[in-house]
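>>> What shape does this take:
(4 chains)
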Protein chains: 2
Amino acid sequence: MSPASAAATRVRDAAPLFAALGDETRLLLLFRLSSGGPGSITRLSEDTPVSRQAITKHLRVLSDAGLVRSSRQGREHVWDLEPKRLADAHRCLDRISRQWDDALDRLKKFVEE
Amino acid sequence: MSPASAAATRVRDAAPLFAALGDETRLLLLFRLSSGGPGSITRLSEDTPVSRQAITKHLRVLSDAGLVRSSRQGREHVWDLEPKRLADAHRCLDRISRQWDDALDRLKKFVEE
DNA sequence: GTATTATGCAATCAGTTGGTTGCACTTCAA
DNA sequence: TTGAAGTGCAACCAACTGATTGCATAATAC
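Below is the predicted model:
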């Protein structure tokens, strides 16, 4: 695969992920889940100033991005982090960080010349 | 600072960054800059299907997020990555990755119990 | 069974976003 | 100096987003 199309693939994977992470309420939800453990919609809504419906929508976005998942327990929907996709996301971030390192090195050398 | 407000601060920093990264065109621009070096708006527009004005707007978004900067050279505006902010972003990604690692560990232990 | 709780669905709304086009302005080169 | 090249600005547009409210539905508790 050419470098250009490799970048394109990487970008198609990463952009929706970043987009899902690019909202304060959603990030707070993720932090809430990662430190406080799983929770129902109602419980997750209690921590925030926005309505339950708004939280539902945000969970849907995170779910579409594969970052969380839900399981039905009685009348409750319990949401939690999705380990597999979370690991994917982590690798994705590392890869981009590494490429940025390379870019920083390039800039550094450029300045030194 | 309490854990909750620490998370809030982290989130306020990270969300706009992720939002800026959450678009294919902008990510491609960043990869283009990190692999191909600095370039004028016209040059950067040549690689993409969208108009020059669209690229200008995306560069503005990236600039607001502190990820790129421009310098005037004659009638051209030359854009390049912003090393300092890029390093900040890198650290931010690492911090979140680490927290996710912790969350994954927690999930793992939870499953094993 | 009936009230309560947890959730889903739909309509609505203002604001943002990603994109375009047209025109004006500055700078460079012949 | 005159035309071409590189940008900026402004208006405009369709689509998406984040959020709300009201009502319906399903499960639980008493």
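
>>> contact partners of stretch A:87-99?
With C-beta atoms under 8 Å, 6 or more residues apart in numbering or on different chains as the contact definition, stretch A:87-99 has outside contacts at A:10, A:13-14, A:17, A:66-67, B:31, B:34, B:90, B:93-94, B:96-97, B:100-101, B:104. Any C-beta I mention is one placed from the backbone N, CA and C, and that applies to glycine too.

>>> Would you enumerate the residues in contact with the residue nearest the centre of chain A?
Taking C-alpha atoms, centre = their mean, the centroid of chain A lies closest to A:Leu21, which sits 4.5 Å from it. By C-beta under 8 Å, 6+ apart, the contact set of A:Leu21 is A:Leu27, A:Leu30, A:Ala65, A:Leu67, B:Ala14, B:Ala15, B:Phe18, B:Gly22.

>>> so who does the last one touch?
Counting by C-beta under 8 Å, 6+ apart, B:Gly22 touches A:Ala15, A:Pro16, A:Leu17, A:Phe18, A:Ala19, A:Ala20, A:Leu21, A:Gly22.

>>> From A:Leu17, how far off is it?
Distance of B:Gly22 to A:Leu17, given as C-beta to C-beta, to the nearest Å: 8 Å.

>>> And for the fourth one?
In this structure, A:Leu67 and A:Leu17 are separated by 8 Å, where distance is defined by C-beta to C-beta.

>>> Now do the residue nearest to the centre of chain A, the pLDDT please.
Predicted confidence (pLDDT) for A:Leu21: 91.

>>> for A:Phe110, same thing?
For A:Phe110, the model assigns a pLDDT of 63.

>>> and DNA strand C, which of the contacts of A:Leu21 reach it?
Checking those against DNA strand C by C-beta under 7 Å from any atom of the strand, the ones in range are B:Gly22.

>>> Is it possible to mark the buried ones in the contacts of A:Leu21?
Buried subset of the contacts of A:Leu21 (neighbour count, 16 or more other C-beta atoms under 10 Å in any protein chain shown): A:Leu27, A:Leu30, A:Ala65, A:Leu67, B:Ala14, B:Ala15, B:Phe18, B:Gly22.

>>> Can I get these in TSV including distance to DNA strand D?
Shown next, in TSV, are those (distance: C-beta to the nearest atom of the strand, whole Å):
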residue	distance to DNA strand D
A:Leu27	11
A:Leu30	14
A:Ala65	11
A:Leu67	14
B:Ala14	14
B:Ala15	9
B:Phe18	10
B:Gly22	9
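
>>> pLDDT-wise, what's the bottom of those residues?
For these, the pLDDT minimum is B:Ala14, 84.

>>> Would you mind confirming that that residue is in contact with A:Leu27?
Yes. The criterion here is C-beta atoms under 8 Å, and B:Ala14 meets it with A:Leu27 at 6.1 Å.

>>> Need phi/psi at the residue nearest to the centre of chain A.
Phi and psi for A:Leu21, reported as degrees, to the nearest 10, are phi -80, psi -10.

>>> give me every residue that touches the closest residue to A:Gly66 other than its chain neighbours.
Excluding the flanking residues, the one nearest A:Gly66 by C-beta to C-beta, 6 or more residues apart in numbering or on different chains is A:Arg85, at 3.5 Å. By C-beta under 8 Å, 6+ apart, the residues touching A:Arg85 are A:Ala65, A:Gly66, A:Leu67.

>>> Quick one: the helices in chain A, in order.
Ranges of helices within chain A are A:3-21, A:24-36, A:41-46, A:52-64, A:83-112, based on DSSP state H.
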